[in-house]
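*Asks:* Generate coordinates for the sequence data below:
(one chain, ligands or ions: 2)
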Amino acid sequence: MLSLAVETSCDETSAAVLDNEKVLSNVISSQVFHSDFGGVIPEIASREHLLKITEITESALSLAGRKISDIELISATSEPGLIGALLVGLNFGKSLAMCLNIPFVPVNHIHSHLYSNFLGKEPESYKFPFISLIVSGGHTLLILAEDFFKHKILGRTVDDAAGEAFDKAGKLLGLGYPGGPLIDKLAVSGNRDYHKFPLAYVKHSRFDFSFSGVKTSLLYFLREINFENVKTEKLLSDICASYQNAIVRSLFEKTLLAAEENEVREIKISGGVSVNSCLQKEFRHLENSGYKISFPETGYSTDNAAMIGLTGYLKYKYSGDKDYFMRESFNHNAKARLDYENF
Ligand code: KG4
Ligand code: ZN
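*Replies:* Ligands and ions are numbered 1, 2, ... in the order given. As a prediction, the model looks like this:
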């Protein structure tokens with residue numbers, strides 16, 4: 001089954017063409033200009049999606065060597081995300097499906113990060129159960145994936161997302177946006193034991209995360225040492241390494257505890273922060289104790305339409321009511337949502 005998928009939930013306009021589970025093309029246009037503002041401006045993001053969506057979809061089709069009339073299924077992100085941005089891709093997808101008279105699948109963006117670990121692998125290797133740690137700029141979730149679309153949320157952030165903690169630190173350190181990759185790079189030559197930033201524990205929940213405290217403690221620490229006046233390359237690297245270590249320890253410890261308690265030996269990590277080198281190293285150590293650890297293949301960690309396409313196709317494949325998706329393009333259920341009600 002040939003499917004087309006679009007993703008416009010935040011600042012990436014993306015379209016992909018898939019043949020069943022196999023990705024034929026995955027085109028991503030990143031709105032890098034938001035870095036001038038130090039973060040994503042929702043209204044500008046939606047307008048840019050509107051300008052780009054047709055062109056990106058056409059290039060995904062042409063790279064895959066297919067025509068729009070070949071497409072048999074359309075998927076688009078419906079939640080969660082920036083409402084104006086979501087509306088562009090969702091209505092684009094629904095309208096196309098309606099015109100072509102083919103099924104339409106609204107996709108939860110969090111589900112798609114979870115299934116992004118399957119991209120590029122043979123369908124026979126899709127195995128459950130596993131613990132999924134989703135770490136992006138907008139979300140931090142710990143999930144027990146028991147089967148296709150049978151997921152249990154074990155924990156989530158009660159304030160900032162892990163990526164947000166990196167991005168806010170990037171700003172405090174004067175590095176620019178997004179802070180995650182810059183901190184990761186500087187931390188390589190730093191000493192992670194230089195300073196002990198507090199690990200946040202959430203009362204009454206062993207699996208929830210909190211990252212706003214670590215960011216505030218960085219702010220106070222920079223003031224205390226009068227950072228602007230004593231700044232050196234070495235100091236910056238040491239602070240980055242220590243700060244990164246605090247975030248990674250929190251993610252690592254809770255994920256491992258979730259795996260132990262649920263007696264699951266497989267952990268899949270996804271989302272933009274999953275490419276962090278310290279996080280990858282920490283989790284890879286677990287392979288020595290018999291855990292199976294996996295990360296998405298290159299290009300599938302940050303937002304992309306291929307993960308939406310795979311999730312949409314799997315949702316359709318494992319649905320008992322295929323006709324339901326024929327009605328989805330006319331259906332008010334397939335609407336954009338800020339949060340994830342339909343988990
Ligand atoms: O998944 P993603 O592209 O977008 C959202 O859905 O939010 O994730 C973007 C986030 C940003 O916060 C960025 O700073 C973070 O991923 N990120 C990293 C690294 N590369 C990207 N964080 C830490 N280390 C990295 N190497
Ligand atoms: Zn995302």
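
*Asks:* Looks to me like K268 is in a strand.
*Replies:* Yes - K268 sits within a strand when classified using DSSP: H, G, I helix; E, B strand; the rest coil.

*Asks:* who's in contact with it?
*Replies:* The contact partners of K268, by C-beta atoms under 8 Å, 6 or more residues apart in numbering, come to 114, 117, 130-133, 145, 293-295. Where you see a C-beta, it was placed from the backbone N, CA and C, and this is true even at glycine.

*Asks:* Look up the closest residue to the residue nearest to the spatial centre of the chain, ignoring the ones flanking it.
*Replies:* Centrality entry for the chain: nearest residue to the mean C-alpha point is G271, 3.1 Å, by C-alpha atoms, centre = their mean. Excluding the flanking residues, the one nearest G271 by C-beta to C-beta, 6 or more residues apart in numbering is S136, at 3.5 Å.

*Asks:* So that neighbour sits against N276, correct?
*Replies:* No - if you go by C-beta atoms under 8 Å, S136 and N276 don't touch, sitting 11.5 Å apart.

*Asks:* about what we covered before: can I get the buried part of the contacts of K268 as one PyMOL selection?
*Replies:* The following PyMOL line selects those of the contacts of K268 that are buried, judged by 16 or more other C-beta atoms under 10 Å:
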select buried, resi 114+117+130+131+132+133+145+293+294+295
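
*Asks:* ok, the contacts of K268 vs S30, which is closest?
*Replies:* Nearest to S30 among the contacts of K268 is F295, at 20.0 Å by C-beta to C-beta.

*Asks:* any chance of the contacts of K268 in CSV, plus distance to ligand 1, secondary structure and pLDDT?
*Replies:* Listed next are these as CSV, based on distance: C-beta to the nearest ligand atom, whole Å; DSSP: H, G, I helix; E, B strand; the rest coil; pLDDT from 0 to 100:
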residue, distance to ligand 1, secondary structure, pLDDT
L114, 12, helix, 97
N117, 13, helix, 98
F130, 19, strand, 98
I131, 18, strand, 98
S132, 14, strand, 98
L133, 13, strand, 98
A145, 18, strand, 98
I293, 17, strand, 98
S294, 16, strand, 97
F295, 12, coil, 98
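
*Asks:* Just the closest of the contacts of K268 to A64, please.
*Replies:* For these, the minimum distance to A64 (C-beta to C-beta) is 22.4 Å, reached by N117.

*Asks:* where does the residue lying closest to that closest one once chain neighbours are set aside land on pLDDT?
*Replies:* In space, and not counting its chain neighbours, N117 is closest to K268: 4.1 Å by C-beta to C-beta, 6+ apart. Listed pLDDT for K268 reads 98.

*Asks:* how far away is K268 from ligand 2?
*Replies:* 15 Å (C-beta to the ion, to the nearest Å).

*Asks:* ok, back up a step: what is the neighbour count of the residue nearest to G271?
*Replies:* S136 has 24 neighbours, counted by other C-beta atoms under 10 Å.

*Asks:* Then S30?
*Replies:* Around S30 there are 13 other residues, counting by other C-beta under 10 Å.

*Asks:* is it true that it touches V40?
*Replies:* No - counting by C-beta under 8 Å, S30 does not reach V40; the two are 10.9 Å apart.

*Asks:* Quick check: neighbours shared by the two?
*Replies:* Contact criterion C-beta under 8 Å, 6+ apart; residues shared by S30 and V40: D11.

*Asks:* Is V107 bridged to anything, and to what?
*Replies:* T77 (DSSP bridges).

*Asks:* how about the strands of the stretch 51-200 of the chain, start to end?
*Replies:* Taking DSSP state E, counting those that start in this stretch to define them, one finds strands in the stretch 51-200 of the chain at 73-79, 104-108, 130-135, 140-147, 150-156.

*Asks:* got JSON lines for these, with distance to S242 too?
*Replies:* Formatted as JSON lines, these follow (distance: least, C-beta to C-beta, whole Å):
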{"stretch": "strand 73-79", "distance to S242": "36"}
{"stretch": "strand 104-108", "distance to S242": "35"}
{"stretch": "strand 130-135", "distance to S242": "19"}
{"stretch": "strand 140-147", "distance to S242": "20"}
{"stretch": "strand 150-156", "distance to S242": "24"}
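
*Asks:* Thanks a lot, see you next time.
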